[in-house]
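[1] I'll drop the sequence and a predicted model, then ask my questions.
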Amino acid sequence: MNNGDRPSYDPHAIEAGRQAVWREQDAFRTPDTTGDRPRKYIKPSAPFTSGNVHIGHVRSYSIGDAYARFCRARGEDVLFAFGFDSFGLPAELGAIAGKEPPSVWVDRCAQHMVGQLRRLGFSFDWERTFMSSDAVMYRWSQWLFLTLLEAGLVYRGTGSVDWCDTCQTTLATIQVENGMCWRCHNPVRLIQRPQWYLRISAYVQENDARLEELAASGIWDENALASQRFVLGRVDGVELDLKAENGETLTVFTPHADALGLARFVAISPKHPDVERWAAGAEVAEQLEELRSGGLERSAREAETMPLVDTGRTLSSPTGGEPLPVIVSPMVDGRFGATAVLGIPEHDRTDAVIAERLLAPQRVFGIPADTPHESSAGEQPTASQAAAARKTVRYRANDFTISRQRSWGTPIPIVYCETCGTVPIPKEQLPVILPLDLTPTGTGNPLAEREDFVRTTCPRCGGAALRETDTLDCHFDALWLWVPVCVPPSEREQTLEHILALEDLHAWLPSERVVAGSDSGNFVFDQRTVTKALRDIGPFEFLGDGEPFAGCLFHGMVIRDGRKMSKHLGNVVDPDELVDRYGADTIRLAVLYAARPQRSLNWSDSDVKRCHRFLRQVWDYSQARFALDPPVTERQDAGQDVSDGTKPGAKEMGADKTEHLRKRLEQWCGTAVEKITEDTRELEMHSAVRNVMRLFERIGYYEKRVIAKRGSLCAEDLEALKTALGTLARVLVPFAPHIAEELLIASTEPGVELDAAWPAGELVPR
Ligand SMILES: [Zn+2]
Ligand SMILES: [Zn+2]
């Protein structure tokens, strides 16, 4: 059984060949929605047009692609496509570095990335790919902005916003990581600025309430659920109204309902809507302004150094004790949102630190230094006060700004008219076109310097008006980026009203599964929010629970030597080099093999080598066996039709001797198919790949046992072996599609149905 002159495994030839066939057959075109097969929209993440596909993309898309191919092979209709997230700061910075317009930069990047992804053999429907920075697409952002504005879910406010001096831009709370800019990692400070906001607070409670249903679905991965809980930042507690000296009241919150009598102060968030009322008086207002504009150093985010403003006001104690001083501190935001809270030092370390600061060095804030910390009977809440405390929750998640002072983004469809004030552009006049020949330099906002863009006429009165020169943050684009791939490309230029009424949206939504990195929690949260808004407004009425994604898998990062990969650390793995060296199938298999999707994948070259060796062995072994014609063994059978089991004789006697081995092989195959089906359906690709490898070992073991038993394979033995190898090829398709399809074709009669190649079996419906 040597493999003679069989060609050894040549991944580049195999992969180029299969990819040519896929292109020729348009193999991954999204089926139209008239059929009655089960339908699945598998949503990959929308990549930034960063310029290069990195190994993290390869991991993400290998998981999603395996699932997509698995579903197709089981006879389901699959939509697997994405749009590039091509607006935003990363692209702008890339363009600055390249001294060219961002539009040129992102086009080149996207083209290059598509080439890389095609070479990796991912089964995307490329016809549905789009760029969020194309006018026909950013029209969606403008339409959504106006629609949410009409519904009161987008609003203009002046508020404290996080500002990065380096990037010269405001940041969403979620873009601030430990007081640092998510992008440049420099310290962030708070400033006051007019901004456009997205009112996610309107749906925070429903997003919270729906979590139980998502968990019950069984296809929301625990990581993904945890991310949604984290973004919510839910705190359970009570709220009560406290009176000031002048009779004004303030609603304060505490998670410690049983310790109201131990409250020592009240802290208000600088983003609290009523904060100005409590920080009145010239001196206090000035301090508040300083707190906001002075910014917060990283260290100042700690309770020990967090800025505090004493308002000089007090509120009545909930239990009739000493009045409580009222302070303003940003420490409230990060914990409870833009609210007011009771400071209870005995139950909360941060409160204890603040109380300590309030007391030292003198009694600056009017707290008697000798206030006993032990609760006395008199400080316990009375029955009536306890009754006045209402059970409630606070969420850290809050409205955030969606406008940026950058030029590479969706123009906000608003003009400012001297006569009419702030005027939205009518939807039928969309899109407001972004000039494409802008070349940003990294300072200021080049859009604001373009007279031809800024000066316009008011759509209401026809008079002179100025355009809004802030653009929408690309986080806003992400709110809808998952929708347009559901629309047939032929409909893409139609009005949004037409598009949103298409049957296709009903057919594909909600997406059956999102497969994205574990840093996608905020994106998914906000997509869940806007889906509920569009449900209530109308277009997504058919999504009753307002959930865009029926299931969700968040996978871990790819790291190396325990550290995040970065150019700076010089530990980056280049997918192109790996494909050059080993072929796409090996790399795809290796990222699936190396770790459970939920875990971080610690990169190791030995996993790649091991997977490459496995594929080479499967190739050589299968090719050699497929090439064998029966009879292959007993010389005395030569010339006879050994597969015709009707004639009794020596050959049949031989076959009997190994029948139990063939039976066992069949059982092994059955069990393997069952396990791999279950694994892949659960997106446990790591386990599925191991079970594929185990099946291959068993096939080899079977052959060894047969040869040990009777010296060689009889026709029946070989037939069983070929059938098993065919099964192996079928279950390998999702994970190493090129080699698997090639083997599948070699294993069977011509015209094998690759579309529905999953081994039939007892498939338990979910
Ligand atoms: Zn920055
Ligand atoms: Zn006007």
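    Sure thing, it's come through. Fair warning: this is a prediction, and the values are worked out from it, not measured in the lab. Ligands and ions are numbered 1, 2, ... in the order given.

[2] for the protein, which spans come out with low pLDDT?
    For the chain, the stretches with pLDDT under 70 are 1-7, 159-160, 172-174, 293-301, 360-387, 441-444, 631-654, 749-756, 761-766.

[3] Just the closest residue of the stretch 651-766 of the chain to ligand 1, please.
    With CB to the ion as the measure, L683 is the residue of the stretch 651-766 of the chain nearest to ligand 1, at 34.9 Å. For every residue, glycine as well, the C-beta is placed using N, CA and C.

[4] Backbone dihedrals for that residue, please?
    Backbone geometry at L683, expressed as degrees, to the nearest 10, gives phi 60, psi 30.

[5] and what of Q195?
    Dihedral angles (degrees, to the nearest 10) for Q195: phi -140, psi 160.

[6] quick one, what contacts it?
    Residues in contact with Q195 (CB atoms under 8 Å, 6 or more residues apart in numbering) are 156-159, 161, 170, 401-403, 470.

[7] tell me which residues form a beta bridge with it?
    G157 (DSSP bridges).

[8] neighbours of the residue of the stretch 651-766 of the chain closest to ligand 1, just the number please.
    Neighbourhood size, L683 [other CB atoms under 10 Å]: 24.

[9] Excluding sequence neighbours, find me the nearest residue to it.
    In space, and not counting its chain neighbours, L683 is closest to L553: 5.1 Å by CB to CB, 6 or more residues apart in numbering.

[10] Quick check: phi and psi on that neighbour?
    Dihedral angles (degrees, to the nearest 10) for L553: phi -130, psi 120.

[11] Longest helix in the protein, please.
    Counting residues, the longest helix found in the chain (DSSP state H) is helix 685-710.

[12] what residues does the helix or strand hosting V515 touch?
    Per DSSP states H and E, V515 falls inside strand 513-517. Residues outside strand 513-517 that contact it (CB under 8 Å, 6+ apart) are 40, 42-45, 56, 60, 63-64, 67, 219, 224, 482, 520, 523-524, 549-555, 557, 683.

[13] Those residues of the protein touching ligand 1, which are they?
    164, 166-167, 181, 183-184 (CB under 5 Å from the ion).

[14] those helices in the stretch 1-150 of the chain, which residues are they?
    Ranges of helices within the stretch 1-150 of the chain are 11-25, 55-73, 89-98, 102-119, 135-150, based on DSSP state H, counting those that start in this stretch.

[15] mind checking how far the residue nearest the centre of the chain is from L171?
    The centroid of the chain falls nearest to S520 when counting by CA atoms, centre = their mean (3.2 Å). Per CB to CB, to the nearest Å, S520 is found 18 Å from L171.

[16] quick revisit: buried among the residues of the chain next to ligand 1? Need that as a selection in PyMOL.
    Buried residues among the residues of the chain next to ligand 1 (16 or more other CB atoms under 10 Å), as a PyMOL selection:
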select buried, resi 164+167+181+183
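
[17] And the furthest pair within the residues of the chain next to ligand 1?
    T166 and R183 (8.4 Å; CB to CB).

[18] Which helix or strand contains A465?
    strand 464-467.

[19] If you count contacts, what does the helix or strand following that strand end up packed against?
    Using DSSP H and E, the helix or strand that follows strand 464-467 in sequence is strand 471-472. Using 3 or more CB pairs under 8 Å, 6 or more residues apart in numbering; DSSP states H and E, the elements in contact with strand 471-472 are strand 403-404, strand 410-411.

[20] Each with direction, which strands does the last one pair with?
    In other words, strand 410-411. Checking strand 410-411 against DSSP bridges gives partners strand 471-472 (antiparallel).

[21] Not counting its own residues, what contacts the partner strand?
    So strand 471-472 is contacted by 87, 141, 145, 196, 402-404, 406-412, 434, 447 (CB under 8 Å, 6+ apart).

[22] Swap in 6 Å and give it another go.
    141, 402, 404, 406, 409-412 (CB atoms under 6 Å, 6 or more residues apart in numbering).

[23] Adding neighbour count and distance to R528, write those out as CSV.
    Formatted as CSV, the contacts of strand 471-472 follow (neighbours: other CB atoms under 10 Å; distance: CB to CB, whole Å):
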residue, neighbour count, distance to R528
S141, 29, 18
I402, 28, 16
R404, 30, 23
R406, 26, 26
G409, 29, 23
T410, 28, 21
P411, 26, 26
I412, 26, 24
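
[24] for the residues you listed, which one is nearest A655?
    S141 (68.7 Å).

[25] Tell me how far the closest residue to the closest one other than its chain neighbours lies from R455.
    Distances taken as CB to CB, 6+ apart put T410 closest to S141, at 4.1 Å, once the chain neighbours are dropped. Distance, T410 to R455, using CB to CB: 20 Å.

[26] Likewise for Y61?
    45 Å.

[27] quick one, which of the two is more surrounded?
    Y61 (26 against 11).

[28] so what's the more buried one up against?
    Counted by CB under 6 Å, 6+ apart, Y61 has contacts 44, 122.

[29] Share the number of residues neighbouring E577, please.
    E577, neighbours per other CB under 10 Å, totals 10.

[30] helix or strand right after the helix or strand containing E577?
    Secondary structure from DSSP H and E places E577 in helix 575-582. For helix 575-582, the succeeding helix or strand toward the C-terminus, using DSSP H and E, is helix 584-593.

[31] from the chain's centre, how far out does that following helix sit?
    21 Å (CA atoms, centre = their mean, to the nearest Å).

[32] which residues sit against the helix or strand following it?
    Moving toward the C-terminus from helix 584-593, the next helix or strand (DSSP H and E) is strand 601-602. Residues outside strand 601-602 that contact it (CB under 6 Å, 6+ apart): 558-559, 594-595.

[33] Let me know the angle separating the helix or strand following strand 601-602 from helix 11-25.
    Sequence-wise, the next helix or strand downstream of strand 601-602 (DSSP H and E) is helix 605-626. The directions of helix 605-626 and helix 11-25 differ by 70 degrees, with axes from the mean of the first three to the mean of the last three CA atoms, to 10 degrees as the criterion.

[34] packing partners for helix 605-626?
    Packed against helix 605-626 by the contact rule (3 or more CB pairs under 6 Å, 6 or more residues apart in numbering; DSSP states H and E) you find helix 584-593, helix 737-747.

[35] if we go to 10 Å?
    Counting contacts by 3 or more CB pairs under 10 Å, 6 or more residues apart in numbering; DSSP states H and E, helix 605-626 packs against helix 11-25, helix 575-582, helix 584-593, helix 685-710, helix 715-732, helix 737-747.
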